[in-house]
Each structure stands twice: as structure tokens, then as C-alpha cells.
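# Sharing a model prediction with you, sequence too.
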Amino acid sequence: MELPARSNEIALEYFQFHDEIRRLMAPPTENASSFTALLELPHSSAVELLHLPEPFKYSAVASSGSLKPYFQHLGAGGMCFSANSAPVERASTFAVETDASSHKVKDEPQAETTESDSNPIISLSQPLLSDFDKEDKGQMPGKRKDREKKAKGSAKKSKNQSSGDAEELPYVHVRARRGEATDRHSLAERARREKINARMKLLRELVPGCNKISGTALVLDEIINHVQTLQRQVELLSMRLAAETPRMDVNLDSIFTTESASLVDQSFSNMVYPLPCSDPQPNIPRQYQQYPWHLNPLQHPMWVREELKNNPITSKNSHMSDDSPANPAAMHSRAMEKDRAMKIE
Amino acid sequence: MMTCSTSHRLKMRADKSLLRQKFLKKWVKLLQLYTSSEKLATVIERKKLIELSADVALASARGGTTRWSRALIASAFKDSHDKTPCCANGGERTLHESITRKITSKKVLQRIRGGASKEAQASSSNRIPASSIAKRLVKKRTKLLKKIVPGGESMDNVSLISETLDYIISLRAQIDVMRSLVYLSGHLDA
């Protein structure tokens, strides 16, 4: 009786705060582009990247309103605001994301939600990621549906703050707007659709030229095109390499690999994809000149000497003659590498 | 916020260079291993070897974390077992064996799950027949994408997209390294 009436005004309140939160959360959506970096990072540091800036924002928003006592911080991407005590219980049930805290909330639905989340952020999120990795999809929807049952009303869940977050969580919190179906199937569908849309957004940022195109089919076209182009480039380059190394005895020297790798970074950090593979050479010398601190006249001949020593095609003379200048060059190149690494960090 | 984004961008660049270095090291190791065999007379043979070792190196640089890398290694070993049975790359082989075991069990589970989810989808899509043309197009494209991305056949749409993301990044790293090698070898020859 009172619940349905309350639910409307609570939905309205949620909307107001949702807008505010969205405004506050707009900056971290830049992290969505760095999600691609997160793909390469080990999960723990990815989690740290995602979650460390957030607590400050949440506390700011909470202190702004009079909702401080009811604010419950959820660590990994869900937020619940509530003004009255009655729906606080429901909010608390929705506030759960991990196994650890889930038991607590289930046992004390009437407990004061003034207690903030007990688990620190990072330890919360790490088991999340490991769960996600195992792709335990069977378990998660079950737990989520349990929470829904506890709700006994409209499904009010808070939205993720960034698309990057949505990827890492086993729970995707879906907001059910007024007038939309709130049964389990459509919620699950909407969650799935939001997941897909979030990832499509990332893909569109990655693939050049997709931002202007609207519509999934055409974007997929572009993506397929891009992947095929990249694969063809790999083939062409391998053909070129095969043509240019008749003997194929690559001399592995750790110095060589680090040098050429760092060279690769500097040469290609500014490259824009896709580039025609036909003749990359006019681009490269220009980019070398952009990094004079690496290629000043003192260092360059030493590097060339390194290459000459290691390259099997050109070093027809024995390696022994190059030994003594090689070692100081090696040490010097290692020092350069460390310098560069420090600058990047 | 700005400092956060720039630091993220720098970390991104550092990660990219990490990936490239990993790939380069593994690739060079593989090339050294494989160049012991004799059938390297023709350009085509060399190209095949280079490409194969590059792909395997790229996939192993990502470890067993992504599905496309596992599928790529699996297919590479399938091919190479016909040609060079003596490729005693111990690390790759153990990785490959553990991965194939995981893959077969996962594939079974996925087919079960995939079948269930397909039913749910069909029932819900019957309710909304409006955008069927767009859906057909999207389905066609996703099928194509699945063929292109290694190991994409047994993936649902969600993971397909994230795998594609990862695959594109790795491909770019591979192309960077190979291009620079080409440049270096060409530059030093002259």
C-alpha cells in the first residue's frame, strides 16, 4: 500500500541523483579508452586503476545531500541513495556485489545502512575479476535473481559509472526506468545489451573511422575490414622479411632486442592506423628526428655498430673485431633503456 | 581528472611497448628454434615459417588469458605437426596441451549454455519482429567476424567483441614490430 506510492518518489529521487552522479562521473569515462590498456594489465593493477579515484567522488556526492547516513559505498561500481528508512532495506539488498559482503547484507536487511561497506575496495574487486575470468555465468544470474526476489517491487538498481567497470563485474546493474518491463528476462536482456553496447563503444574508439558511422551492422563491417587489413599486413610484412633475410640466422642478443623494441616504440608511437603498408620508409626517418634525445650523433653510431654486430647479413667480418667497442656500447644502451623506461613511467 | 587520464595514457603506452617487447623476444626465440630445419630455400617457405612463428609468438605473449590466443596456438600446432614433427618447443607444447584440455571441456559447457541462451533469445525476439532486416545484417556480420577472429566460432557475442578488441591490439603490436624489423634489415643492408 505504501510501498507503490513510495516507489515512485524514490524513482524520481534516483533520477535526480543519477543525473548528478553522471555529471560527476563523466570524467572517468575517459577510462573507457584505457580499457584497452587494462586488457593487457594483470587484473589486480587493472582493478586498482579502475577503482582508486572513485571513493573521493562518492564521498563528495554523499556529503552534498542530506543522505550521508544512508549512503552506502559499494566499492566496485554500484551506488544506492535513499531518503527513507523503508526502502533502505531494499537498497541494501541491491547494494551487494560480492560473495563476501552478500552474506552480511542478506542477514541484516533491517540493519542500519549507515555502516559503510566493510571491505576495502581493492580486495572486493579482485575476487570479482577472478570470478569473471572463470566465466561462472551459471552462478551469477542466480544470485542476482535472489536479490530481485528480495526487492518485492520495482527493480531499482544503480547504473554502472563507467563502461570500463561494467566489463569487470559479474553483476551488471541495470536501471529499470518507469514504464519499462521489469521482469527477469527483459532485465537480463537489457543487461546483456548494455554489456554489448559498452564493448562496441570501445571497439569503435579503437577502429578508426567508426565514430561517424551509426548502426551496428556498418560498424561491424568496418571492424571486419580493419581486422582483415591487419591480417593482410602481417602476411605482406612476413613476405618482405622472408625476401630480405636469405639466411634467417637471427643472432639473439638481449641488447639487440631491447634496443630495437624501444626503437619501435619511438618510431611508431605516433603512427595512425591504418597505414598503407607499401612503403613505410618515408615515415620513419621523420619520426626518428622527433626524438633527438635518443638519436643524437654520439649515440647513433654506437647503436648502428650494435646492429652491425648482430645483423647476420652485414657482419661478414668476424664478431671478434667488434668486441671491445661493443661492451661499453652495451652498457650505454642499457642505461639509455632505463632512462627511457623511467620517462615512460 | 586530467592527471588521471594522462597517466592512464602513459600507462597505455608503456603496456603497448611491453607487449611489443614480449612479442619480439618470443618471436626471435622461435625463429632461432625453427631455423635449424633445412627446408628454408624458397621465399615461400621462409615466409610461412616467419608468419607461423610470429603468430605463435603473438599468441603466447598474451598467455592463456584470451581465447583467440589459445585457438591460434592450437591451430598452429595442428599445422606444424604435419610439417615439422621435431619442433620440440617445450614451453609452447605444455601450454598447448593444457590449453586443449581446457578448450574441449569449455567448448562442451559453452554449447550447453549457448543452446540455452539461444532459446531465450528466440522466444523474446518473436515478440519484436520489427527490426528483422537489421538483425539479419548484424547476424551475417557477426558470422563473418567469427570466421576471422581465431577461435571465434565457439564464442557468444559478448566475448566475441572483447576478443576482437584484444586481437586488434595484439595484431597492431605485431605489425609494428615486424615493420620495424623490415625497416632495420633494409636500412642496414644499404
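Done, it's in. Just so you know, these numbers come straight off a predicted model, no measurement behind them.
# Going by C-alpha atoms from here, please, whenever you check contacts or count neighbours.
OK.
# and residue B:61, what is it in contact with?
If a contact means C-alpha atoms under 8 Å, 6 or more residues apart in numbering or on different chains, then residue B:61 has B:19, B:22, B:23, B:26 as its contacts.
# so which of these is the most crowded?
Neighbours here mean other C-alpha atoms under 10 Å in any protein chain shown. Within the contacts of residue B:61, the largest count is held by residue B:23, at 26 neighbours.
# Secondary structure element holding that residue?
Element membership for residue B:23, per DSSP states H and E: helix B:2-34.
# cool, and residue A:180?
Counting by DSSP H and E, residue A:180 is part of no helix or strand.
# Next one: residue 181, what pLDDT does it get?
In the absence of a named chain, this looks at chain A. The score at residue A:181 is 74. That number is its pLDDT.
# hmm, I had chain B in mind actually
Residue B:181 carries a pLDDT score of 83 in this model.
# Could you give the number of residues near it?
When neighbours are defined as other C-alpha under 10 Å, residue B:181 has 18 of them.
# helix/strand/coil for it?
Three-state secondary structure (criterion: DSSP: H, G, I helix; E, B strand; the rest coil) places residue B:181 in helix.
# quick revisit: want to throw the contacts of residue B:61 into a markdown table with distance to residue B:137?
Formatted as a markdown table, the contacts of residue B:61 follow (distance: C-alpha to C-alpha, whole Å):
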| residue | distance to residue B:137 |
| --- | --- |
| B:19 | 35 |
| B:22 | 38 |
| B:23 | 36 |
| B:26 | 40 |
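# mind checking pLDDT for residue 84?
Just so you know, I chose chain A. Here, the pLDDT recorded for residue A:84 equals 45.
# my question was about chain B
The per-residue confidence score, pLDDT, reads 52 for residue B:84.
# ditto for residue B:167
For residue B:167, the model assigns a pLDDT of 90.
# Check residue A:226 too.
The predicted local confidence for residue A:226 comes out at a pLDDT of 91.
# Would you check that it makes contact with residue A:209?
No. Under the criterion of C-alpha atoms under 8 Å, residue A:226 makes no contact with residue A:209, lying 10.1 Å away.
# the more surrounded of those two?
The residue with more neighbours, out of residue A:226 and residue A:209 and counting by other C-alpha under 10 Å, is residue A:226; that gives 17 against 14.
# ok, the more buried one to residue A:243 distance?
Separation of residue A:226 from residue A:243 (C-alpha to C-alpha, to the nearest Å) stands at 26 Å.
# Give the buried residues for stretch B:7-18.
Of the residues in stretch B:7-18, those with enough neighbours to count as buried (16 or more other C-alpha atoms under 10 Å in any protein chain shown) are B:8, B:9, B:10, B:11, B:12, B:13, B:14, B:15, B:16, B:17, B:18.
# wait, stretch B:151-168
B:151-152, B:154-168.
# Next up, the contacts around residue B:168.
By C-alpha under 8 Å, 6+ apart, the contact set of residue B:168 is A:227, A:230.
# do that again at 7 Å, thanks
When the contact criterion is C-alpha atoms under 7 Å, 6 or more residues apart in numbering or on different chains, the partners of residue B:168 are residue A:227.
# what's the answer for the one 5 residues further on, then?
Neighbouring residues of residue B:173 by C-alpha under 7 Å, 6+ apart: B:19, B:20.
# can we see that at 6 Å?
Shown in contact with residue B:173 (C-alpha atoms under 6 Å, 6 or more residues apart in numbering or on different chains): residue B:20.
# May I ask which helix or strand encompasses it?
In this assignment (DSSP H and E), residue B:173 forms part of helix B:157-189.
# what do you get for residue A:213?
Secondary structure from DSSP H and E places residue A:213 outside every helix and strand.
# For it, give its distance to residue B:30.
Look at residue A:213 and residue B:30: by C-alpha to C-alpha, they are 41 Å apart.
# These two: which is more packed in?
Comparing residue A:213 with residue B:30 by neighbour count (other C-alpha under 10 Å), the higher total belongs to residue B:30, at 21 against 12.
# What is the burial count for the nearest residue to that one once chain neighbours are set aside?
In space, residue B:30 comes closest to residue B:53 once its chain neighbours are excluded; the distance is 5.9 Å by C-alpha to C-alpha, 6 or more residues apart in numbering or on different chains. The burial count assigned to residue B:53 is 22, neighbours taken as other C-alpha under 10 Å.
# ditto for residue A:229
Residue A:229 is flanked by 16 other residues according to other C-alpha under 10 Å.
# Kindly calculate the angle that the helix or strand hosting it makes with helix B:157-189.
For residue A:229, the host element (DSSP H and E) is helix A:216-244. Orientation of helix A:216-244 against helix B:157-189 (axes from the mean of the first three to the mean of the last three C-alpha atoms, to 10 degrees) gives an angle of 30 degrees.
# Indicate whether helix A:216-244 makes contact with chain B.
Yes. Counting by C-alpha under 6 Å from any C-alpha of the partner chain, chain B has neighbours in helix A:216-244: A:217, A:224, A:234, A:238, A:239, A:241, A:242, A:243.
# And that helix, what's buried?
A:216-217, A:219-224, A:226-227, A:229-231, A:233-244.
# Where does pLDDT dip in the chain?
I went with chain A, as the question did not name one. Low-confidence regions of chain A, defined by pLDDT under 70, span residues A:1-177, A:246-345.
# that's the wrong chain, I wanted chain B
Per-residue confidence of chain B (counting by pLDDT under 70) places the weak regions at B:1-4, B:35-41, B:79-130, B:188-190.
# Try it again at 50.
By pLDDT under 50, the low-scoring segments of chain B are B:85-88, B:115-117, B:119-123.
# And what about residue B:141, helix, strand or coil?
Under the three-state scheme (three-state DSSP), residue B:141 adopts helix.
# Check the gap between it and chain A for me.
Distance check for residue B:141 against chain A: by C-alpha to the nearest C-alpha, to the nearest Å, it reads 6 Å.
# just residue B:148 next, same as before
Look at residue B:148 and chain A: by C-alpha to the nearest C-alpha, they are 7 Å apart.
# For that residue, grab the count of nearby residues.
Neighbour count for residue B:148, taken as other C-alpha under 10 Å: 16.
# Pop out the phi and psi values for it.
Phi and psi for residue B:148, reported as degrees, to the nearest 10, are phi -80, psi -50.
# Check the gap between it and residue B:71 for me.
To residue B:71, residue B:148 is 12 Å away according to C-alpha to C-alpha.
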